[in-house]
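J.: Take this sequence and fold it.
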Amino acid sequence: MINIRKSNDRGHANHGWLDTHFTFSFADYYDPKHVEFRTLRVMNDDRVAGGGGFPTHPHRDMEIVTYVLEGALAHKDSMGNGSVIKPGDVQYMSAGTGVAHSEFNASKTETVHLYQIWMFPDKPGHTPAYDQKNFSGQEKRGKLRLVVSPDGREGSVKIRQDNELYATILGVGDRVKHELKPERYAYVQVAKGSVTLNGKTLETGDGAEISAEKSLQLTGVKEAEVLLFDLA
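T.: Numbers count the residues shown, from 1 in each chain. Okay, the predicted model is just below:
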């Protein structure tokens with residue numbers, strides 16, 4: 001079963017410095033039909049204007065992944081980490097028992113476009129942790145590149161949940177296939193472009209909740225960048 005969540009059906013807020021769309025209930029946006037999917041809790045499609053950003057704020061007991069599509073995002077946290085996240089980077093922060101961080105556009109003039117993703121951890125009370133890795137466009141071109149996993153295999157970022165995240169860049173006609181094991185679920189998010197998912201068309205910003213499917217096939221309709229979650 002594939003349930004499509006159209007881009008325009010998502011929650012939306014524009015604060016001037018931040019133009020954001022919410023796949024799941026977040027902040028002042030609440031939809032009882034779209035609070036979470038399995039262990040996937042937040043999927044925010046953020047565009048932060050030059051000079052804008054999120055001042056220092058706390059989190060706890062959440063696995064947070066940031067995926068930058070355009071621009072650069074400056075990160076600082078209470079663990080002592082400071083970095084700039086650019087396209088191709090996957091940043092991970094396990095909030096655990098508690099962490100505070102800030103995120104600001106690293107440019108005063110250019111917009112940064114990113115997806116911020118939250119997943120429930122396998123259990124509460126972990127020691128906070130941080131990681132950041134880069135995955136080149138070539139690694140994702142025409143293939144599903146594992147970027148997040150519970151065991152860190154294939155050089156992926158290791159997280160504290162039985163979820164996997166794959167990223168792919170598809171040209172027109174490019175195809176990738178993913179097999180789902182029994183009792184596994186999936187979520188597909190089109191960050192850019194247009195694809196078909198098992199014959200169903202998904203455009204920029206569209207997502208799809210997937211259950212009781214054995215195999216997923218993504219085909220590029222227009223140059224696309226796609227995130228595919230394999231979920232417990």
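
J.: The most centrally placed residue in the chain pairs with what?
T.: Centroid-nearest residue in the chain: Ile117, 4.4 Å away (criterion: CA atoms, centre = their mean). In this structure, Ile117 bridges to Met43, Val65 when assessed by DSSP bridges.

J.: Listing request: residues of this protein with sub-threshold pLDDT.
T.: Across the chain, nothing is flagged by pLDDT under 70.

J.: What about the closest residue to Lys86 other than its chain neighbours, how many residues nearby?
T.: Of all residues not flanking Lys86 in the chain, Ala72 sits nearest, at 4.9 Å (CB to CB, 6 or more residues apart in numbering). Just so you know, the C-beta spots here come from the backbone N, C-alpha and C atoms, and that holds for glycine as well. Counted with other CB atoms under 10 Å, residues neighbouring Ala72 total 17.

J.: which residues does Gly173 contact?
T.: By CB atoms under 8 Å, 6 or more residues apart in numbering, the contact list for Gly173 reads 219-220.

J.: Backbone dihedrals for it, please?
T.: Gly173 adopts backbone torsions of phi 90, psi -10, taken as degrees, to the nearest 10.

J.: Break down this protein into its helices, ranges please.
T.: Along the chain, counting by DSSP state H, helices occupy 137-140.

J.: quick one: buried residues of the longest strand along it?
T.: As assigned by DSSP state E, the longest strand anywhere in the chain is strand 215-231. In terms of neighbour count (16 or more other CB atoms under 10 Å), strand 215-231 has its buried residues at 216, 218-221, 224-231.

J.: Tell me the one among these nearest to Gln161.
T.: Leu231 (8.9 Å; CB to CB).

J.: Bridging across strands, which residues link to the closest one?
T.: Tyr185.

J.: I figured it hits Glu183, correct?
T.: No. Between Leu231 and Glu183 there is no contact under CB atoms under 8 Å: 10.4 Å.

J.: follow-up on the earlier one: which ones are touching the residue nearest to the centre of the chain?
T.: 40, 42-44, 64-67, 165.

J.: Then Thr219?
T.: Applying CB under 8 Å, 6+ apart, we find Thr219 in contact with 170, 173-175, 195-196.

J.: Just the buried ones from the residues you listed?
T.: 170, 174, 195.

J.: Mind checking which of those residues land in strands?
T.: Per DSSP E, the subset of the buried ones among the contacts of Thr219 in strands is 170, 195.

J.: just the buried ones among the contacts of Thr219 now: which is nearest Ile85?
T.: Using CB to CB, these come closest to Ile85 at Leu170, 23.0 Å.

J.: That closest one - nearest residue in space that isn't next to it in sequence?
T.: Nearest to Leu170 is Gly220, by CB to CB, 6+ apart, at 3.3 Å.

J.: For the one you found, give its distance to Leu18.
T.: 30 Å (CB to CB, to the nearest Å).

J.: Please give me every residue in contact with the residue nearest to Leu170.
T.: If a contact means CB under 8 Å, 6+ apart, then Gly220 has 170-175, 193-195 as its contacts.
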